[in-house]
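Engineer: got a predicted structure here, sequence first:
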Amino acid sequence: MAKYCKTLLLFGTLMLFQQNVFSQIKDSVAIKTDTLKAKKDDKEKKKSSIKSFKEIITDKAVSDEGVFTVHKVEDKYYFEIPDSVLKKEFLLVTRLTKAAAGMRSGNSGYAGDQIGQEIIAFEKGPKDKILLRSISFVDYAKDSTSDMYNSVTRNNVQSIIKSFDIKAYGINKNSSVIEVTDILNSDNELTSFSVYTKENYRIGSFQKDMSFINFVKSFPTNVEINTTKTFARTAGRANPLIKETPKVSGNYTVEINSSFVLLPENKMQPRFFDPRVGYFTVGYTDFDLDPQGVKRISLIKRWRLEPKPQDLAKYNRGELVEPAKPIVFYIDPATPKKWVPYLIQGVNDWQKAFEKAGFKNAIYAKVPDPKVDTEWSLEDARFSAIVYKPSDVPNASGPSISDPRTGEIMESHINWYHNVMSLLRNWYFIQASPNDPRARKMEFDEKLMGELIRFVSSHEVGHTLGLRHNYGSSSTVPVEKLRDKKWLEKNGHTPSIMDYARFNYVAQPEDNIGASGIFPRIGDYDNWAIEWGYKRFNQFKTPVAEKEFLNKWVIKNLKNERLWFGTETNPLDPRSQSEQVGDNAMIASAYGIKNLKRIVDNLNEWTKTPNEDYENLGMMYDQVTLQFRRYLGHVSKYIGGQMETPKTVEQSGSVYEVVAKKDQQEAMKFLSENIFVTPQWLLKEDIFQKTGRTPVKTVEEIQNSVLGRILSPLVLQSLYQTSAVDTNAYSLTDLFSDLNNSIIKKDKLDAFGRNLQRNYVENLMKYADVKNMDKTDVSSIVRGNLMAIKKDLSERISTADLVNKYHYEDLVFRIEKALDPK
């Protein structure tokens, strides 16, 4: 019986164990079944989110094929992005097509203005997404096998700025369809204002219910998106210190065009920037070029001019050939017809310069012909244009957009503001009327204004070709040559139209100089700069390989001083100055003042306009005083001056050279005779009576501009540093001695003289303040000079008349207060 019970117990235990096993197996099977079911459900769900092409792009679709195929299905827009385009870089340019009323600020806020720019790329992401990245070229490493390349890559992840769900795959499964309706009709930096321009234009919140898409067009290398957008208008920027909220005042409605332009896969060969030839640049930090460090690389901005394949051998032999793709500027149809020929000629004038680089018919302008230029649009980033703007801004500008990888200029929209004509009229009146009778009136003849427009057109086009201002070009011309009619007709008054030399103000009426000796023109420097930037040396396959050759070429050519480039950024080099002509500012300015005296004597007659008041008289008198200030400014820059001539180690001589003592003394003598002595020629009582201008204030403002320049911290430090290493150099004590003799040690003082002394002392007292004192001898020399002036003035008090006695006592009191505030 016991044995039987044990058998039953064992049998029961086995049965229980078997049940547990079966239960676990059942649960396991159930779990696996549920997992498989879940996976199946996920797959079905995923399949349902990515629909078939025909489900998304229905029979109602209106499709436009190009770099992307753009599909419009009722009120929705889709991009069909080929796999072959993924990861390729696009230049995104956004412009105003139509500007809002009341949005303009200065020279911005007009139709045609650029309001955004970025480099972007589309790529496949996880979870059936298309990612849009913003591409930066700040850092660079070329060798993809190096550790440095991997390090640079890890530390320069390109930002994802937008993610799109893939709605469907293309019919051949080699493209992805994404919906772009929301991003096109929203406020973002892709199809709207950049952050900077939004602040500048006082753009507030986006009004989606008053915004819509006008059209989206696709072309072989670009997509054009045109939208109407409405924004709240703000009264100003928020003040974070007081937590002020900008007030909302109405709306802005604008039309915006965004161009997605595919950057070339076959990159243009870059050319390294050389500071001896003035080009705009793009740049990056290179981690490969210097084996023991990093190097900041600057590449010049230039158009891709290449011979046609069949003409390559001719080009290499030195024969002139037409480029495969010329530079073409379209004239805005809104431009007044009478000015169109002059704008066109200003562009075409550059053709000769490009012949130096081996290309004929390389650049030209044209009016768009609807029958021929069927794809042309003013907003399309594939096309360059001169855009005419109904603006009161007296200006024009020549920006360009370039490939940041190579410097290749992709396109340019020159801004031509209507009121630039008033600027041209004023310049020519003030600088040329003594020599050109056509300029002796307030409304110029159409031909004269047209020629002025042509010159500015050429200058702005020069910028779009990559050229910077060459402020030093005119300083290579001897002043007396500016009065030589035969020489001027051959050479012009400056070797560069990129100079701010404007017109030849040195020429005197008795010289009988014609327009060819007064007007600027494309000159020797411009021809050289275009040749250097655009000539192709096909034997060199990289910018590094051509560097040595180019350096030798530059050294050889710069033996001709007319090819010298003077940067506009050096505040101490008297050779590089805006509005200056000639190699000696003292002599040139003396001739300029002689011509200003002639103008002032005739100003009433030359500005007379029937049935008008004296507004023109006042305006042109202000232009005379402005030009006088320019001449004094040109001379003032010699004081504490330092000349900069960039060189490579293969060239001899100094890069930095102090202006000679004799030249600084000549400059001080000029200032003493022309502004520290009251310029009585400028003080015409009848002009003041008719215009309300005030003589004392007029002179005081001009004198203060000179004192502010030659007593600036930059100049005083320059003089101090120079004399510390060269005891024969023009020094701070020399400067103060000359100023004291010209300003303080005067026997007779009138209101002008008293103002001059007061302002001179006030400028010195800035450095006597303990808060402004530096750790060099400059402050002590200034304080010593103030004490010497105090002594001199104190001795004059007893013999002065009443007004001057009070004046001297006042200055002595001010100096004492400055030297000992307690």
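Structural biologist: Structure's in. What do you need?
Engineer: pull the CA atoms of stretch 673-680 into CSV?
Structural biologist: Extracted in CSV, the C-alpha atoms of stretch 673-680 (Å, rounded to 0.1, in the frame of the first residue of the first chain):
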residue,chain,number,x,y,z
GLU,A,673,47.3,128.8,-43.0
ASN,A,674,43.9,127.5,-44.1
ILE,A,675,41.8,126.7,-41.0
PHE,A,676,43.6,127.9,-37.9
VAL,A,677,43.4,131.3,-39.6
THR,A,678,39.7,132.1,-40.2
PRO,A,679,38.8,131.2,-43.8
GLN,A,680,37.2,134.5,-44.7
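Engineer: pull out the buried positions in that stretch.
Structural biologist: Within stretch 673-680, the residues that qualify as buried are 674-676, 678-679, counting by 16 or more other CB atoms under 10 Å. In this view, the C-beta of every residue, glycine as well, is placed from N, C-alpha and C.
Engineer: before we move on, what about stretch 117-137?
Structural biologist: Taking 16+ other CB under 10 Å as the basis for neighbour counts, the residues of stretch 117-137 that come out buried are 118-122, 129-135, 137.
Engineer: kindly report the same for stretch 745-762.
Structural biologist: 746, 749, 752-757, 759-761.
Engineer: relative to Ser723, how far out is Leu732?
Structural biologist: The gap separating Leu732 from Ser723 is 7 Å, by CB to CB, to the nearest Å.
Engineer: which one of the two is surrounded by more residues?
Structural biologist: Higher neighbour count among Leu732 and Ser723: Leu732, with 22 against 19, using other CB atoms under 10 Å.
Engineer: so Glu408 bridges to which residues?
Structural biologist: According to DSSP bridges, the residues that bridge with Glu408 are Arg302.
Engineer: number of nearby residues for it?
Structural biologist: Counted by other CB under 10 Å, the residues lying close to Glu408 total 21.
Engineer: I'd like to know how far it sits from Leu92.
Structural biologist: According to CB to CB, Glu408 stands 16 Å off from Leu92.
Engineer: same thing with Ala99?
Structural biologist: Counting by CB to CB, the gap from Ala99 to Leu92 is 20 Å.
Engineer: next: Gly66.
Structural biologist: With distances defined as CB to CB, the gap from Gly66 to Leu92 amounts to 16 Å.
Engineer: now do Phe206
Structural biologist: For Phe206, the distance to Leu92 (CB to CB) stands at 19 Å.
Engineer: likewise for Phe503?
Structural biologist: According to CB to CB, Phe503 and Leu92 sit 41 Å apart.
Engineer: and these two? Which one has more around it.
Structural biologist: More neighbours sit around Phe503 than around the other of Phe503 and Leu92, counting by other CB under 10 Å; the figures are 25 against 20.
Engineer: show me the contacts for the nearest residue to that one once chain neighbours are set aside.
Structural biologist: Excluding its sequence neighbours, the residue lying closest to Phe503 (CB to CB, 6 or more residues apart in numbering) is Gln431, at 4.1 Å. Residues counted as contacts of Gln431 (CB atoms under 8 Å, 6 or more residues apart in numbering) are 502-505, 595, 627.
Engineer: could you say which helix or strand holds Gln431?
Structural biologist: According to DSSP states H and E, Gln431 maps onto helix 420-432.
Engineer: same deal with Asp369?
Structural biologist: No secondary structure element spans Asp369, as it lies outside all helices and strands (assigned by DSSP H and E).
Engineer: quick check: it vs Asp64, distance?
Structural biologist: With distances taken as CB to CB, Asp369 is found 23 Å from Asp64.
Engineer: so those two - more neighbours on which side?
Structural biologist: Taking other CB under 10 Å, Asp369 and Asp64 do not tie; Asp64 has more neighbours (15 against 10).
Engineer: check contacts around that one.
Structural biologist: Contacts of Asp64 (CB under 8 Å, 6+ apart): 70-71, 216-218.
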